[in-house]
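Student: Would you be able to build a 3D model of this:
(one chain, ligands or ions: 1)
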Amino acid sequence: MTDFTMTTDADGVATITWDVKQKSMNVMSTEAFALVSTLVDQALADPAVKGIILTSGKKDFAGGMDLNVIAQMKLGGAQAVFDGVMQIHVMLRKIERAGMDLKTLKGGKPVVAALPGTALGIGLELPLACHRIIAADNPKAKIGLPEIMVGIFPGAGGTTRLVRKLGAMAAAPFLLEGKLSSPKEAKAAGLIDEVVVPEDLLKRAKEWVLAATPAELVKPWDDKGYKMPGGAPYHPAGFMTFVGASAMINAKTQGVYPAAKALLAAVYEGALVPFDVALRIEARQFTSVLMNPSSSAMIRSLFINKEALDKGANRPAVPDQSVKKLGVIGAGMMGAGIAYVAANAGIEVVLIDNSQEAADRGRAHSEGILDKGIKRGKVTVEKKAEVLGRIHATTDYAALAGVDLIVEAVFEDPKIKAEVTAKVEAVVGPDCIYATNTSTLPITGLAAASKRPEQFIGIHFFSPVDKMNLVEIIRGKATGDRAVAKALDFVRQIRKTPIVVNDARFFYANRCIIPYINEGIRMVAEGVEPALVENAAKLVGMPLGPLQLVDETSIDLGVRIAKATKAAMGADYPDEAVDHVLFWMADQGRLGRKANAGFYAHDAKGERLGLWEGLELKYPHDKLQPSLSDVQHRLLFAQVLEAVRALEEGVLTDIREGDVGAILGWGFAPWSGGPFSWLDMIGAAKAVEICRGLTAQFGPRFHAPALLRDMAEKGQSFYGRFGGAKAAA
Ligand code: NAD
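Tutor: Predicted coordinates for the structure are as follows:
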């Protein structure tokens, strides 16, 4: 184990350098923590050492704790987690006290953290225990505590130290939202103490160590008369903060994220007691969050599996297919967005539409995004010029010569798409891969218009393209491995997360979203109060209720999809009850957000007001309303059973893609880790039992798929049976 090494110079300054071999970014493991603890002990005990610099051998300081280690930690049970966390506290406290006499607060050795770049999670909690944090002025560096994003919270003293350093109010964005800052922003916020030019980092750290006075080594909370900035909970100002924070957290999380609640409890309770007791409270709350199945499911889906998919977990073994020049056909809402994300990632783009005006409008979409970025200080004028310079907007198909990937995003009409395919193939080279961004038309059918169906594939983006991070790649019957590799390499270049699915009606994401929306609308038709439907969805962690979601995506689109589905399914079509409401809404001109009128009322500026009262006149509310959990079961099972069927039918071949895709694609209850993780949490047997009840009451759409029944009989879980890797569907 050489993750940390120590050298001492002639002036008695010890430098402990963090450098994890074979990794581009330092991450903390249990063994590494023990090692740095031993090195600190040695330095503190060595009379020749005057002080310690803690730094990194890499361009960054650290990315945080190895989340695989966190996932492992809970295997030993709650007591083991708690004991492990307390050991970390003891070690960090040792750095903070640095050998000083606890009565006189004298005799300690200065310890300074020198951060060359990014410092996240434990990579900031460790520095927070030091006496001073100096960062290099590296504009690429990100400093912060992002733990909350994966369902945990800073549990190595970061919560307790930051609240005591900044006050609860000022610490809130860093702890509750996982806000990351540049070194300069971190200094301005009081997260770190000093920013220096990169070349001076170690020189300045040493200078500080040699000049530090005993008083500079005493943390405010270890000094007499310490008062929490902004006030502790029983201080009038502090009282206001905590009341507000509690309401804010509940509004944001609807109470479904255990980490947010536990974090607030650790902050509130910790603020009432001495520092060392607060650390114990933080450790207990952290343990309870780690033992909650939600945190491991979130870590598994949002970190471990997402990263595996980002790296191309299911990429065929084909040489690099990075895109050099992209052709986008159709400069509407989707095509313009795709052109922007590609150009922003350094790819040359030819953007084609029927008229020069439409093509230019598509290019102007990028200009709009970049201008907003400039206003917020995130984009420079040079960067804007560079990105726009890569987008060539034209009507001339000849400009496509030399492109190696096409993404077609014209109207959702098979005839127009077929014409475009023929026109494009007449001008591009024989190796060019052709992708369609269709959201509903089967890829295999569209590939019939291609001379090279093995080079024809679906790359399905979500709207708005620049914000939505999921891309669904669809293999048609004839699609070859090189086309899949090309699509995956393109998605990697634009830094989004891919899932690869097989060709079937609505692919994966829309297949699950549509039943969710339909179940909500069906309840309206039955006389369930729309507010109950919407709130039930939000209280189970869906970002949008089904009625708001259909307003956002537009009701006429819903009508078009319903008509096409009915035409394809004939007598088997199951959603007449839904169409009754949907078609009526469309007839009333209530087409959703774009018409400023849908299931929700909107004001003239488009601001959403509340549920539309006219709906009740047409669909009166039943006197007897269902329970919250009945409504939630209907909304969740409508989605998860479709996910299971997609797996059963081989549309999905990897449950990791099913889970990650659901969270990133349509916001499926992120606290659950995704539909398969959620089913594992409740257990297959329980799920089948709920399905039985729902089927008896509401019909066969809730019939448990054979796969789920088989798993219930065998006592299996999805991650147990399919191992979290490629499933033999
Ligand atoms: P849109 O109507 O905004 O844009 C379509 C563009 O294609 C228009 O600018 C039109 O002028 C252009 N066009 C039409 N025929 C053309 C031709 N022969 N040659 C060149 N350009 C032509 O539509 P959109 O919402 O961007 O959708 C485009 C595709 O993306 C559709 O297949 C749609 O199903 C799919 N999609 C849409 C969404 C969404 O949320 N809107 C999401 C995923 C996929």
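Student: Now do the same for residue 725: its pLDDT.
Tutor: With respect to pLDDT, residue 725 scores 53.
Student: Going along the chain from the helix or strand that contains residue 261, find the next helix or strand for me.
Tutor: If you go by DSSP states H and E, residue 261 is part of helix 258-271. Scanning forward in sequence from helix 258-271 by DSSP H and E, the next helix or strand is helix 275-291.
Student: For whatever helix or strand comes next after that next one, buried residues please.
Tutor: Next helix or strand after helix 275-291 toward the C-terminus (DSSP H and E): helix 293-298. Within helix 293-298, the residues that count as buried by 16 or more other C-beta atoms under 10 Å are 293-298. Using the backbone N, CA and C atoms, a C-beta is placed for each residue, glycine as well.
Student: and the next helix or strand after helix 293-298, what does it pack onto?
Tutor: As assigned by DSSP H and E, the chain's next helix or strand after helix 293-298 is helix 306-310. Judged by 3 or more C-beta pairs under 8 Å, 6 or more residues apart in numbering; DSSP states H and E, helix 306-310 is in contact with strand 497-502, helix 655-666.
Student: Those: which one's closest to residue 470?
Tutor: helix 655-666 (3.8 Å; C-beta to C-beta).
Student: Now do the closest one, average pLDDT.
Tutor: 97.
Student: Quick check, pLDDT for residue 239.
Tutor: pLDDT at residue 239 comes out at 88.
Student: Residue 674 now?
Tutor: 98.
Student: Please look at residue 619 and residue 524 and confirm they touch.
Tutor: Yes. At 5.4 Å, residue 619 counts as touching residue 524 under the criterion of C-beta atoms under 8 Å.
Student: Can you work out which residues contact both of these two?
Tutor: Shared contacts of residue 619 and residue 524, defined by C-beta atoms under 8 Å, 6 or more residues apart in numbering, are found at residue 581.
Student: These two: who's more crowded?
Tutor: Using other C-beta atoms under 10 Å, the more surrounded residue of residue 619 and residue 524 is residue 524, with 26 against 20.
Student: In what element of secondary structure is that one found?
Tutor: Following DSSP H and E, one finds residue 524 within helix 509-526.
Student: Could I get the buried residue list for the helix or strand just after that helix?
Tutor: Downstream of helix 509-526, the first helix or strand assigned by DSSP H and E is helix 530-539. By 16+ other C-beta under 10 Å, the buried positions in helix 530-539 come out as 530, 532-537, 539.
Student: Check which helices and strands helix 530-539 sits against.
Tutor: Helix 530-539 is packed against helix 509-526, helix 546-553, strand 608-611, helix 628-648, with contacts defined by 3+ C-beta pairs under 8 Å, 6+ apart.
Student: what residues are up against residue 320?
Tutor: With C-beta under 8 Å, 6+ apart, residue 320 has these contacts: residue 489.
Student: just so I know, which of the helices and strands packed on helix 530-539 lies nearest the ligand?
Tutor: Between the ligand and the helices and strands packed on helix 530-539, the tightest spacing by C-beta to the nearest ligand atom is seen for helix 546-553, at 6.6 Å.
Student: restrict the buried residues of helix 530-539 to those near the ligand?
Tutor: Checked against the ligand using C-beta under 6 Å from any ligand atom, these give no members in range.
Student: I'd like those residues as JSON lines, with pLDDT appended.
Tutor: What follows is these, written out as JSON lines (pLDDT from 0 to 100):
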{"residue": "530", "pLDDT": "98"}
{"residue": "532", "pLDDT": "98"}
{"residue": "533", "pLDDT": "98"}
{"residue": "534", "pLDDT": "98"}
{"residue": "535", "pLDDT": "97"}
{"residue": "536", "pLDDT": "98"}
{"residue": "537", "pLDDT": "98"}
{"residue": "539", "pLDDT": "96"}
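Student: Could you tell me how many residues sit around residue 404?
Tutor: Counted with other C-beta under 10 Å, residue 404 comes out at 19.
Student: Likewise for residue 107?
Tutor: 12.
Student: Any figure for the gap between it and residue 221?
Tutor: For residue 107, the distance to residue 221 (C-beta to C-beta, to the nearest Å) stands at 19 Å.
Student: same question, residue 452
Tutor: With the distance defined as C-beta to C-beta, residue 452 ends up 68 Å from residue 221.
Student: And for residue 303?
Tutor: Residue 303 is 32 Å from residue 221, by C-beta to C-beta.
Student: how far out from the middle of the chain is stretch 290-309?
Tutor: In this view, stretch 290-309 has its centroid 11 Å away from the chain centroid, taken as C-alpha atoms, centre = their mean, to the nearest Å.
Student: let me fix that: stretch 230-249
Tutor: The answer for stretch 230-249 is 29 Å, by C-alpha atoms, centre = their mean.
Student: For it, buried residues please.
Tutor: By 16+ other C-beta under 10 Å, the buried positions in stretch 230-249 come out as 230-233, 238, 241-242, 245, 249.
Student: how about the helices and strands packed on helix 306-310 in TSV, adding distance to residue 280 and mean neighbour count?
Tutor: What follows is the helices and strands packed on helix 306-310, written out as TSV (distance: least, C-beta to C-beta, whole Å; neighbours: other C-beta atoms under 10 Å):
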stretch	distance to residue 280	mean neighbour count
strand 497-502	38	24
helix 655-666	33	27
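Student: nearest to residue 479, of the ones you listed?
Tutor: Across the helices and strands packed on helix 306-310, residue 479 has its closest neighbour in strand 497-502 (9.3 Å, C-beta to C-beta).
Student: what does stretch 514-533 contact?
Tutor: Here stretch 514-533 has contacts from 506, 534, 537, 542, 545-547, 549-550, 558, 561, 575, 577-578, 580-582, 599, 611, 615, 619-622, 625-626, 628, 631, 634-635, 638-639, 641-642, 666, 701, using C-beta under 8 Å, 6+ apart.
Student: and the residue of the chain found nearest the ligand, how many neighbours?
Tutor: Using C-beta to the nearest ligand atom, residue 332 is the residue of the chain that sits closest to the ligand, at 1.7 Å. With neighbours defined by other C-beta under 10 Å, the count for residue 332 comes to 15.
Student: Report how many residues lie close to the residue nearest to it when sequence neighbours are not counted.
Tutor: Spatial nearest neighbour of residue 332, excluding adjacent residues (C-beta to C-beta, 6 or more residues apart in numbering): residue 409 at 6.6 Å. By other C-beta under 10 Å, 29 other residues sit near residue 409.
Student: For residue 409, give me its contacts.
Tutor: Taking C-beta under 8 Å, 6+ apart as the test, what residue 409 contacts is 328-330, 332, 334-335, 338, 437.
Student: could I get the residues you listed as TSV with pLDDT and secondary structure?
Tutor: Shown next, in TSV, are the contacts of residue 409 (pLDDT from 0 to 100; DSSP: H, G, I helix; E, B strand; the rest coil):
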residue	pLDDT	secondary structure
328	98	strand
329	98	strand
330	98	coil
332	96	coil
334	96	helix
335	98	helix
338	98	helix
437	97	coil
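Student: Can you turn the buried part of the residues you listed into a PyMOL selection?
Tutor: One line in PyMOL is enough to select the buried members of those, burial here meaning 16+ other C-beta under 10 Å:
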select buried, resi 328+329+330+334+335+338+437
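Student: and the contacts of residue 409 as a markdown table, adding distance to residue 119?
Tutor: Conversion of those to a markdown table gives the following (distance: C-beta to C-beta, whole Å):
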| residue | distance to residue 119 |
| --- | --- |
| 328 | 39 |
| 329 | 44 |
| 330 | 44 |
| 332 | 42 |
| 334 | 38 |
| 335 | 40 |
| 338 | 35 |
| 437 | 39 |
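Student: Please convert the helices and strands packed on helix 306-310 to TSV, extending it with distance to the ligand.
Tutor: Output for these, formatted as TSV (distance: least, C-beta to the nearest ligand atom, whole Å):
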stretch	distance to the ligand
strand 497-502	14
helix 655-666	11
